[in-house]
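Engineer: give the three-dimensional model of this entry:
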Amino acid sequence: MIRLQRRGKKHQPYYRLVVGEKRSKLLGEQKESLGWYDPRKNQSGFEKERINYWLGVGAKLSPTAHNLLIDAKIITGKKIAAHKKSKKKAEDKAAAPAAK
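Structural biologist: Numbering: from 1, shown residues only. Next up, the predicted model:
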C-alpha cells in the first residue's frame, strides 16, 4: 500500500510517501520512500517513475495519497472522500423525515 508517513516535530508535520505492507506498522520499516509532502508550505516532491512502477505491480493507494497524486498530476481520476461520515449522523437524518 502507498500511504503517508508522518514525520517532523510537534505542530510542524511533514509527510513521506512510502510503500509497504498494509498490515505493517506505519512507523516501522517500509519498502521504499517515493517522495515527500509539506502541508505547511503546500509543497511536494514525488518520484513519478517509481510510483507508476508500484501501481503497475499492484500497490493500492490510501485515499489521501490518491488525492495528493491527482493534485500533482501523476495519476488521473476523481478525488476520493478521505474522511468517512459517521453512521450515527446518517441514521439520524434518515429517521427524521420518516418521523414527520
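
Engineer: tell me the confidence at residue 6?
Structural biologist: Looking at residue 6, its pLDDT is 92.

Engineer: quick one: buried residues of the helix or strand it falls within?
Structural biologist: Residue 6 belongs to strand 2-9 when assigned by DSSP states H and E. For strand 2-9, a neighbour-count test (16 or more other C-beta atoms under 10 Å) marks 2, 3, 4, 5 as buried. Placement of C-beta: from N, CA and C, glycine included.

Engineer: if I look at the third one, how far off is residue 52?
Structural biologist: Distance, residue 4 to residue 52, using C-beta to C-beta, to the nearest Å: 18 Å.

Engineer: so how far is stretch 3-12 from its chain's centroid?
Structural biologist: Between the centre of stretch 3-12 and the centre of its chain there are 13 Å (C-alpha atoms, centre = their mean, to the nearest Å).

Engineer: next: stretch 9-28.
Structural biologist: With C-alpha atoms, centre = their mean, you get 10 Å for stretch 9-28.

Engineer: list the buried ones in it?
Structural biologist: Applying 16+ other C-beta under 10 Å to stretch 9-28 flags 14, 15, 17, 18, 19, 20 as buried.
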